[in-house]
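Colleague: Sequence and predicted structure are below.
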Amino acid sequence: MDRFEERLAADWPPPQWQEVGVVLAVSGGADSVALARAIGRLKTSGAGSLGLAHFNHQLRGAESAADQQFVEGLAADLGLPCTVGAPDSGALAAGGEGLEARARAARYEFLERAAKEVGARYVVTAHTADDQAETVLHHVLRGTGLTGLAGMRRTRPLGPAVTLIRPLLTITRREVLEYLAALKQPFCDDATNQDRQFMRNRIRHELLPLVQREYSPAVVEALVRLAKLAGEAQQVVTAAAEPWVERAVTVGSADTVTIDCRQLAEVQRHLVREVLLTVWQRQGWPLGGMGFGEWQALADMAASGAADAKRMFPGAITAHRQGDQLTLSAAAATQK
């Protein structure tokens, strides 16, 4: 077995998934192609299904079509079915601010549907250690707390019966490329990954190489380790906040939540922020614009003695404090 496959098998042992359905998210890029080849070789037994899923964002014209064709050909070579999806007409055509977030949301919605259609238990993506390091740095630059420092979670629910898993988070992009070279396996190169207008690409091509070259060659490993430790610490904070969520929070609907501020008056401020973050996550409200300042301002509204205050937060979430009640309301457009 190749060293890359050994690493993958150690991080996600085949006995854990060979008996259930698995959908591999494959863009055609190096990381996802390596994932498909390795998982295809590791599945030597078991009754579970295995298939590829490709989301064609239709943002690069002929190049997008070529990527789809490549993935369909890879699936045929591996003897696996391939499900292809695309965004609703015009959904991503507007471009501009928020394009990355809209594209990501559309992709994950497609992956969940693809998994449901075939009864799959897992959707697997090919995010690597380099992706995790970039994510952590991106969060730091935007302003973040423990949740952001934890980066991408290795697993998270994608739907009621579908789990998203990222088994390559400890494997570097260099190891991916070495594996593909050994297999003489081609892959697609997305030109938009070079577009420096996106901060993520500037981090990948400018900031991380600068830090590796001038300060620490092992910065990727250090950031991955930091993400792991932050994730463990975050689990402790989340558990400590849970009783206060149960006492103080009442969900009225998909777009309205009421908080009994009397329950939070003597609670440590970091736990109040965690209660509010939990509300945001459970409601599926957008987190992108919520930095530390916003969370602190919202915690002040929930925990201070202000009798009447109202403020709009990113994602069109309105917070209205009246007496001992804080009501959070989301505009319909913010819902999933």
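Modeller: Perfect, thanks for sending it.
Colleague: Okay, strands next: where are they in the stretch 51-200 of the chain?
Modeller: Counting by DSSP state E, counting those that start in this stretch, residue ranges of the strands within the stretch 51-200 of the chain are 82-85, 122-124, 155-159, 162-165.
Colleague: Same list (those strands) but as TSV, adding mean pLDDT.
Modeller: TSV is the format used below for these (pLDDT from 0 to 100):
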stretch	mean pLDDT
strand 82-85	96
strand 122-124	98
strand 155-159	91
strand 162-165	97
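Colleague: Which of the residues in stretch 104-111 are classified as buried?
Modeller: By neighbour count, with 16 or more other Cβ atoms under 10 Å as the criterion, the buried positions of stretch 104-111 are Ala106, Arg107, Tyr108, Glu109, Phe110, Leu111. For glycine as for every other residue, the C-beta is placed from the backbone atoms N, C-alpha and C.
Colleague: Show me which of those residues is closest to Val224.
Modeller: Taking Cβ to Cβ as the measure, Tyr108 is the one of the buried residues of stretch 104-111 closest to Val224, at 22.4 Å.
Colleague: Check the gap between the closest one and Val123 for me.
Modeller: Separation of Tyr108 from Val123 (Cβ to Cβ, to the nearest Å) stands at 8 Å.
Colleague: what do you get for Ala218?
Modeller: Note on Ala218: its distance to Val123, by Cβ to Cβ, is 31 Å.
Colleague: quick one: which of those two has more around it?
Modeller: Val123 (23 against 10; other Cβ atoms under 10 Å).
Colleague: The stretch 151-300 of the chain: helices as residue ranges?
Modeller: Counting by DSSP state H, counting those that start in this stretch, the stretch 151-300 of the chain has helices at residues 173-183, 199-202, 208-214, 219-248, 269-283, 292-303.
Colleague: Of those helices, which is nearest Gly40?
Modeller: If we rank those by Cβ to Cβ, the stretch that ends up nearest is helix 173-183, at 11.1 Å.
Colleague: for the closest one, the distance to its chain's centre please.
Modeller: Using Cα atoms, centre = their mean, to the nearest Å, the distance from the centre of helix 173-183 to the centre of the chain it belongs to is 24 Å.
Colleague: Quick one: closest of the strands of the stretch 51-200 of the chain to Val176.
Modeller: Shortest distance between Val176 and the strands of the stretch 51-200 of the chain, using Cβ to Cβ, is found for strand 122-124: 14.5 Å.
Colleague: which helices and strands sit right next to that closest one?
Modeller: If you count contacts as 3 or more Cβ pairs under 8 Å, 6 or more residues apart in numbering; DSSP states H and E, strand 122-124 packs onto strand 22-25, helix 99-118, strand 162-165.
Colleague: Quick check: phi and psi on Asp2?
Modeller: As for Asp2, its main-chain torsions (degrees, to the nearest 10) stand at phi -60, psi 150.
Colleague: contacting residues around it?
Modeller: For Asp2, the contacting residues are Ala38, Tyr179, Ala182, by Cβ atoms under 8 Å, 6 or more residues apart in numbering.
Colleague: I figured the first one hits Val176, correct?
Modeller: Put plainly, it is Ala38. No - when contacts are counted by Cβ atoms under 8 Å, Ala38 is not listed as touching Val176 (9.5 Å).
Colleague: where do the contact lists of the two overlap?
Modeller: Taking Cβ under 8 Å, 6+ apart as the contact criterion, the residues that touch both Ala38 and Val176 are Phe4.
Colleague: So what touches stretch 206-222?
Modeller: The set of residues external to stretch 206-222 that reach it, using Cβ under 8 Å, 6+ apart, is Ala129, Asp130, Ala133, Glu134, Leu137, Thr172, Arg196.
Colleague: Just put the helices and strands packed on strand 122-124 in JSON lines and tack on distance to Asp2.
Modeller: Formatted as JSON lines, the helices and strands packed on strand 122-124 follow (distance: least, Cβ to Cβ, whole Å):
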{"stretch": "strand 22-25", "distance to Asp2": "18"}
{"stretch": "helix 99-118", "distance to Asp2": "27"}
{"stretch": "strand 162-165", "distance to Asp2": "21"}
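Colleague: separation between the closest residue to Asn193 other than its chain neighbours and Trp244?
Modeller: Nearest in space to Asn193, with sequence neighbours left out and distances taken as Cβ to Cβ, 6 or more residues apart in numbering, is Asn201 at 6.2 Å. Using Cβ to Cβ, we find Asn201 at a distance of 40 Å from Trp244.
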